[in-house]
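Enquirer: Quick one: sequence plus predicted model below, questions after.
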Amino acid sequence: MSILKVEDLSFSYDNNKLVLKNIDMDFSEGKVYGVFGKSGAGKTTLLSLLAGLEIAKDGKILYKDNDLSKINRDKYRSNEIGVIFQSYNLLPHLTALENVILSMDISNLKVKDRHKKAMQLLKKVGLDENKANRKILQLSGGEQQRVSIARALSYDSEIILADEPTGNLDKDTEEDIINLLINLAHEDNKCVIIISHSTEVKNRVDILYYLVNGKLAE
Ligand SMILES: Nc1ncnc2c1ncn2[C@@H]1O[C@H](COP(=O)(O)OP(=O)(O)OP(=O)(O)O)[C@@H](O)[C@H]1O
Ligand SMILES: [Mg+2]
């Protein structure tokens with residue numbers, strides 16, 4: 001079943017140059033999607049629109065048949081999608097555990113359950129209690145990326161968006177992170193959308209989209 005749909009979407013930041021041109025896309029649960037394209041092709045812009053951070057004015061984005069430009073986007077962002085940003089966006093002076101718990105502030109979970117849930121999520125992405133209690137600054141890049149994945153999972157959204165999740169990682173760590181993201185789709189039935197330049201990611205996703213100068217290529 002389609003959970004997210006893009007219909008004839010065009011977008012520009014400053015009304016002169018179109019960054020995205022007549023895009024149609026369809027995303028379902030249980031699958032991993034890859035969005036590829038050269039630097040400047042419009043990938044992060046597309047992710048910002050899917051995440052409800054920018055609003056589509058020309059064309060539509062539908063979440064479960066609801067037009068994103070018409071629904072409560074604060075609620076959408078805090079409940080329906082988890083985003084893993086290009087720069088991990090973690091708070092460096094807090095611990096891994098605190099970073100995950102912090103993003104639960106907006107979720108419905110009772111305070112006493114948050115600690116337990118956050119610890120479970122960190123374990124799921126391969127971080128033990130010792131690492132969970134370390135400050136972000138004391139973790140490696142790959143470990144920080146795991147924290148940002150745990151954080152994106154913290155409110156159990158059905159959609160996970162990841163912008164270059166393996167950008168700065170070595171081959172082995174990259175493979176671990178890809179496996180984690182693929183399992184989220186294939187085992188936990190999430191809709192996983194990965195923006196990437198990596199051939200490793202390209203070879204592993206279920207469905208590939210290519211952006212060339214803001215247009216979808218065949
Ligand atoms: N906030 C902004 N305001 C104006 N123009 C922007 C803004 N963000 C991006 N752009 C422009 O939009 C175009 C697409 O940028 P975008 O960040 O979507 O590319 P990308 O495919 O993610 O590239 P990369 O692979 O380098 O991350 C670029 O020409 C960029 O300069
Ligand atoms: Mg980008």
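Expert: The structure has been received and is ready for your questions. Numbering: from 1, shown residues only. Ligands and ions are numbered 1, 2, ... in the order given.

Enquirer: Contact residues of the chain facing ligand 2?
Expert: 43, 44 (CB under 5 Å from the ion). All C-beta spots, glycine's among them, are computed from the backbone N, C-alpha and C.

Enquirer: Poorly predicted segments of the chain, please.
Expert: Regions of the chain meeting the criterion pLDDT under 70 cover residues 105-108, 218.

Enquirer: Could you show which parts of it are in contact with ligand 1?
Expert: With the criterion set to CB under 6 Å from any ligand atom, the chain comes near ligand 1 through 13, 14, 19, 37, 39, 40, 41, 42, 43, 44, 45.

Enquirer: most centrally placed residue in the chain?
Expert: Among the residues of the chain, the smallest C-alpha distance to the mean C-alpha position (CA atoms, centre = their mean) belongs to residue 161, namely 1.9 Å.

Enquirer: rewinding a little: now intersect the residues of the chain next to ligand 1 with the helices, please.
Expert: Among the residues of the chain next to ligand 1, the ones falling in helices (DSSP state H) are 43, 44, 45.

Enquirer: Tell me the residue of the chain that sits nearest ligand 2?
Expert: residue 44 (3.2 Å; CB to the ion).

Enquirer: that older thread, just the buried ones from the residues of the chain next to ligand 1, in ChimeraX syntax?
Expert: Below is the selection syntax for ChimeraX that covers the buried ones among these, with 16 or more other CB atoms under 10 Å defining burial:
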select :19,37,41,42,43,44,45
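
Enquirer: next helix or strand past the longest helix along the chain?
Expert: Longest helix in the chain, counting residues (DSSP H): helix 171-186. Towards the C-terminus, the helix or strand next in line after helix 171-186, according to DSSP states H and E, is strand 191-195.

Enquirer: Please name every helix or strand in contact with that next one.
Expert: Based on contacts counted as 3 or more CB pairs under 8 Å, 6 or more residues apart in numbering; DSSP states H and E, the elements that strand 191-195 packs against are strand 20-28, strand 32-36, helix 43-50, strand 159-163, helix 171-186.

Enquirer: How about residues contacting the third one?
Expert: Just to be clear, that refers to helix 43-50. Residues outside helix 43-50 that contact it (CB atoms under 8 Å, 6 or more residues apart in numbering) are 4, 6, 9, 11, 13, 19-20, 23, 35-37, 54-56, 61, 68, 81, 83, 86, 159, 161, 163, 193, 195, 211.

Enquirer: Pull out the buried residues from those residues.
Expert: With neighbours counted by 16+ other CB under 10 Å, the contacts of helix 43-50 contain buried members at 4, 6, 9, 11, 19-20, 23, 35-37, 54, 56, 61, 68, 81, 83, 159, 161, 163, 193, 195, 211.

Enquirer: what sits against the residue nearest to the centre of the chain?
Expert: 47, 50, 51, 81, 82, 83, 84, 193, 195.

Enquirer: repeat that for 10 Å
Expert: 4, 27, 33, 35, 46-48, 50-51, 81-85, 152, 191-195 (CB atoms under 10 Å, 6 or more residues apart in numbering).

Enquirer: what sits against residue 94?
Expert: Contacts of residue 94 by CB under 10 Å, 6+ apart are 100, 101, 102, 135, 136, 137.

Enquirer: Identify those among those residues that sit within helices.
Expert: Checked against DSSP H, these include these in helices: 100, 101, 102.

Enquirer: I'd like the residues you listed as TSV, with distance to residue 110 appended.
Expert: TSV is the format used below for the ones in helices among the contacts of residue 94 (distance: CB to CB, whole Å):
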residue	distance to residue 110
100	16
101	12
102	16
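
Enquirer: Alright, that wraps it up for me.
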